[in-house]
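[1] Provided below for reference: sequence and predicted model.
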Amino acid sequence: MMFSVRTIFIFIALFLPMASEALDSLPRNLSQTDQGRALEILGFGSSSKILNNPYPLGGYKGLEIGLTTEFIPLEDLSVLGDGTKDKGEFNYYTLTLGKGIYYNFDTYVYFTPAVQGRDFQNFGAQVRWGFYEFSFFPLSLSTIVYGGAANFSNLVNISTFGGDLVATVTMDNVAIYAGGGTIRAVGKFIGGASGITDDQETREQSRNDVHSVFGINVAFAKVFFAMEVDRYTDTVYSGKLGVRF
């Protein structure tokens with residue numbers, strides 16, 4: 001089972017107080033090659049996630065509120081430049097708000113809550129369109145377009161943009177979804193005496209990648225719990241607890 005090992009940890013993390021494992025420090029003296037690899041890890045890893053049933057919220061009346069927990073692997077980041085001692089995962093939370101706007105169109109926004117008290121901010125939005133439902137099978141197709149921004153310790157500023165095609169199979173209170181698309185990340189790495197570039201110049205890097213996603217959503221009346229695996233250059237795990245109205 002893809003989620004057998006992660007499920008317990010994600011489930012527990014969702015119900016802990018919103019004080020998660022911090023990214024203690026960023027590696028310094030990053031070459032341009034190192035900057036590109038750091039952008040893949042931090043940029044793709046902090047991009048927008050689906051984390052629910054991609055089936056539309058239901059027009060103007062549909063509303064969703066949720067709390068997500070996301071994990072970015074740090075092992076490869078820790079060996080870049082001068083290196084760091086962070087070899088586990090960077091775990092952070094975001095609040096999400098979703099609203100049906102018209103027929104099968106939904107909009108979502110997400111942001112890191114200020115109570116986390118760390119040198120990390122993340123926010124963004126996505127638009128979803130459920131454009132096809134099969135009449136002979138509980139399968140629906142959706143397209144998702146998203147964008148976001150993240151700031152790591154005021155040393156790395158990242159913007160991400162992407163789009164996916166997602167197929168969802170719904171069985172009673174369980175929805176399983178899978179899909180893929182492309183993603184682009186643009187990052188600014190701050191230079192200067194207290195910066196992280198090896199030549200002390202502020203540099204901009206960009207990376208494009210193919211994205212694939214697999215997730216499961218389990219609903220209990222209006223409350224749902226979702227788990228997701230996103231594959232970019234690296235694999236990122238995430239979970240969400242939410243409610244739909």
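    Everything's here; your move. What you see is a predicted model, and the numbers here were worked out from it, not measured in a lab.

[2] Only the buried residues of stretch 49-59, if you could.
    Lys49, Ile50, Leu51, Asn52, Asn53, Pro54, Tyr55, Pro56, Leu57 (16 or more other CB atoms under 10 Å). C-beta: built from backbone N, CA, C; applies to glycine.

[3] now these in JSON lines, with distance to Gly66 and pLDDT?
    JSON lines is the format used below for the buried residues of stretch 49-59 (distance: CB to CB, whole Å; pLDDT from 0 to 100):
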{"residue": "Lys49", "distance to Gly66": "11", "pLDDT": "96"}
{"residue": "Ile50", "distance to Gly66": "11", "pLDDT": "94"}
{"residue": "Leu51", "distance to Gly66": "7", "pLDDT": "92"}
{"residue": "Asn52", "distance to Gly66": "7", "pLDDT": "83"}
{"residue": "Asn53", "distance to Gly66": "11", "pLDDT": "74"}
{"residue": "Pro54", "distance to Gly66": "14", "pLDDT": "67"}
{"residue": "Tyr55", "distance to Gly66": "15", "pLDDT": "71"}
{"residue": "Pro56", "distance to Gly66": "16", "pLDDT": "80"}
{"residue": "Leu57", "distance to Gly66": "12", "pLDDT": "80"}
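
[4] Pull the most distant pair out of these.
    Within the buried residues of stretch 49-59, Lys49 and Pro56 form the most distant pair, 17.7 Å apart (CB to CB).

[5] thinking again about what came up before, let me know the closest of the buried residues of stretch 49-59 to Val243.
    Among those, and counting by CB to CB, the member closest to Val243 is Asn52, at 10.5 Å.

[6] How much space separates that closest one from Leu139?
    17 Å (CB to CB, to the nearest Å).

[7] With Ser31 instead?
    47 Å.

[8] Quick one: name whatever helix or strand follows the biggest strand by length in the chain.
    Assignment by DSSP state E gives strand 203-220 as the longest strand of the chain. Downstream of strand 203-220, the next assigned helix or strand under DSSP states H and E is strand 223-231.

[9] Show me which residues of that following strand are buried.
    For strand 223-231, the neighbour count (16+ other CB under 10 Å) marks Phe224, Phe225, Ala226, Met227, Glu228, Val229, Asp230 as buried.

[10] Just put these in CSV and tack on pLDDT and distance to Thr96.
    CSV is the format used below for the buried residues of strand 223-231 (pLDDT from 0 to 100; distance: CB to CB, whole Å):
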residue, pLDDT, distance to Thr96
Phe224, 92, 12
Phe225, 94, 14
Ala226, 95, 11
Met227, 96, 15
Glu228, 97, 13
Val229, 97, 18
Asp230, 97, 15
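
[11] Closest one to Gly43 out of those residues, please.
    Among the buried residues of strand 223-231, and counting by CB to CB, the member closest to Gly43 is Asp230, at 12.6 Å.

[12] Checking the closest residue in space to that closest one that isn't next to it in sequence next. Helix, strand or coil?
    Take Asp230 and drop its neighbours on the chain: the residue closest to it by CB to CB, 6 or more residues apart in numbering is Val236, 4.6 Å away. Secondary structure assignment for Val236 (DSSP: H, G, I helix; E, B strand; the rest coil): strand.
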